[in-house]
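# Build me a structure from this.
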Amino acid sequence: MKVGIVGCAGRMGQMLVKEVLANPDCKLIGGTESPGHLSLCKDIASNAGLDPCGLEIHDDTPSLFQMSDVVIDFTIASITEAHTSLAAQHGTKLILGTTGHDELQISNIKEAAAKTVIVKAMNFSVGINIL
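Okay, here's the model as predicted:
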């Protein structure tokens, strides 16, 4: 499965990079950050504390959605609509770990979920999800 990560340079993004690279059933396609971010053009694995993998962090999120089977998003609520729109447009599955959505944003997520698979979880902690 081809996996892309938006927000790949953040704390959760770096953890996701490590997990995807460690999973033999997944292929990391790339990761993005916002324009002007200090991590742009750095190797995505090196940025997460691993040996370089040859993939640079970029800011071309539409291309990431186009190339990926699934995109994992741990960014901020204000950008979720753009990501759900890209997922629906390209038929890319989307895993949302972003929190803080208002009612309109949740409505937009539901609308996009009618066009592609979207998994939204407010908390990815194993303990919370078992409860």
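# only C-alpha atoms for contact and neighbour calcs from this point on.
OK.
# can you map out the helices along the chain?
For the chain, the helices defined by DSSP state H cover 11-22, 44-47, 61-67, 80-90, 103-113, 126-130.
# which one of those has the most crowded surroundings?
Mean neighbour count (mean count of other C-alpha atoms under 10 Å) peaks for helix 44-47 among the helices of the chain, with a mean of 22.
# Give me the nearest residue to Ala113, chain neighbours excluded.
Ala88 (7.4 Å; C-alpha to C-alpha, 6 or more residues apart in numbering).
# For Gln14, see how far away the one you found is.
Distance of Ala88 to Gln14, given as C-alpha to C-alpha, to the nearest Å: 25 Å.
# got it, and Ser34?
Distance, Ser34 to Gln14, using C-alpha to C-alpha: 15 Å.
# okay, the residue nearest to Ala113: pLDDT?
According to the model's per-residue confidence, Ala88 sits at a pLDDT of 96.
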